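Enquirer: Let me see the structure of the following:
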Amino acid sequence: MKTCTTCSSNRIAVVSGKTSDCCFYSYKGQQHNGYVPSKVGIGYSDYIDFNYCLECGKIQGDFPVSDPKLNTEDY
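Expert: As a prediction, the model looks like this:
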């Protein structure tokens, strides 16, 4: 069983979904509609896919991430 990287809780939820090129993403005033950004820890291409802790709310994964460059290779 997975445990949270922050609080060590075993209350980890899995989120998964297919966006079909319909993902909205906003960061520092920039907005993007289309593919899920692959370098921000929430999924890739057409898929939202991440785990998060129901105890503390932390998204699990490799963080921190670099600032994404919208409309470039980050998609």
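Enquirer: use CA for all of it now, contacts and neighbours both
Expert: Noted.
Enquirer: quick one, what contacts the closest residue to residue 3 other than its chain neighbours?
Expert: In space, and not counting its chain neighbours, residue 3 is closest to residue 10: 4.4 Å by C-alpha to C-alpha, 6 or more residues apart in numbering. Under the criterion of C-alpha atoms under 8 Å, 6 or more residues apart in numbering, the contact list for residue 10 reads 1-4, 53.
Enquirer: Quickly note the distance from residue 10 to residue 27.
Expert: 30 Å (C-alpha to C-alpha, to the nearest Å).
Enquirer: picking that back up, now, among the contacts of residue 10, which is nearest to residue 14?
Expert: residue 53 (9.0 Å; C-alpha to C-alpha).
Enquirer: Pretty sure the closest one sits against residue 14.
Expert: No: checked against C-alpha atoms under 8 Å, the pair residue 53 and residue 14 is beyond contact range at 9.0 Å.
Enquirer: The two: which is more packed in?
Expert: Higher neighbour count among residue 53 and residue 14: residue 53, with 22 against 11, using other C-alpha atoms under 10 Å.
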